[in-house]
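> have a look at this prediction, sequence included:
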Amino acid sequence: MTIKPLIILPDPLLREVSKPVERIDSDILTLADDMLATMYDAPGIGLAAIQVAVPRRMLVIDVSREGEEKQPLVVINPEIVAASDQLSVYEEGCLSIPDYYAEVERPAEVTVRFLDRAGKEQTLKADGLLATCLQHEIDHLNGVLFIDHISRLKRDMVIRKFTKASKAKV
């Protein structure tokens, strides 16, 4: 497993809409393993393929707590098929926007249809942190960042900060 470099805001790739995975082959399975290694190393609880510069509709998640057995979830071509009217608020962060956190309101429950590592269609009904994480990562596949769910003023400040930092590195 290879730890991949993360794409950081303001990289325009983060705003691209990812393409569906056509076939689940050894390359996709290797990518899934590399994404899990990258996510665990960061450390994070979710990672979309676009965050490692691969514009494919694929993500990995593990919301197990420290000290618990790992529960990696590989989600290919996910689609939210239902969302609750009830909302919940979580403080979200993102590996592509390091050290920035903000409260985001999202549906409290979602049902997601996707393909697993074996190419089998799965349906997962999620609530709590898992529901938030799934929505956050699926947003990435659509070119949407969690800062798009906060006020324009705060979002613009974050974008300016990261744009300035990226220019300073050059």
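Received, thanks. Keep in mind that what you see is a predicted model, and the values were worked out from it rather than measured.
> what comes up buried for the lengthiest helix in the chain?
Longest helix in the chain by number of residues (criterion: DSSP state H): helix 152-169. Across helix 152-169, burial judged by 16 or more other C-beta atoms under 10 Å covers 155, 158, 162. Every residue, glycine included, has its C-beta placed from N, CA and C.
> would a markdown table of those with pLDDT be doable?
A markdown table is the format used below for the buried residues of helix 152-169 (pLDDT from 0 to 100):
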| residue | pLDDT |
| --- | --- |
| 155 | 94 |
| 158 | 95 |
| 162 | 94 |
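> and which of the residues you listed is nearest residue 23?
residue 162 (35.0 Å; C-beta to C-beta).
> residue contacts, that closest one?
By C-beta atoms under 8 Å, 6 or more residues apart in numbering, the residues touching residue 162 are 8-10, 97.
> so which of those residues belong to strands?
Under the assignment DSSP state E, the contacts of residue 162 contribute residue 97 to strands.
> what is the nearest of the contacts of residue 162 to residue 166?
Of all the contacts of residue 162, the one with the least separation from residue 166 (C-beta to C-beta) is residue 10, at 6.0 Å.
> ok, that closest one touching residue 161?
No - between residue 10 and residue 161 there is no contact under C-beta atoms under 8 Å: 9.8 Å.
> so what's residue 1 scoring on pLDDT?
With respect to pLDDT, residue 1 scores 84.
> for it, grab the count of nearby residues.
Residues near residue 1, counting by other C-beta atoms under 10 Å, number 13.
> start the count at 22, not 1, going forward
Let's use 22 as the start, then, which means that last one is residue 22.
> which residue is the nearest non-sequential neighbour of it?
Leaving aside its sequence neighbours, residue 22 sits nearest to residue 58 (C-beta to C-beta, 6 or more residues apart in numbering; 3.9 Å).
> so residue 60 sits in a strand?
No - under DSSP: H, G, I helix; E, B strand; the rest coil, residue 60 sits outside any strand and is assigned helix.
> residues contacting it?
66-68, 81, 83, 116.
> closest to residue 41 among the residues you listed?
Nearest member of the contacts of residue 60 to residue 41, counting by C-beta to C-beta, is residue 81, at 16.7 Å.
> so what pairs up with the closest one in the strands?
Assessed by DSSP bridges, residue 81 has beta-bridge partners residue 68, residue 95.
> part of a strand, is residue 114?
Yes - counting by three-state DSSP, residue 114 falls inside a strand.
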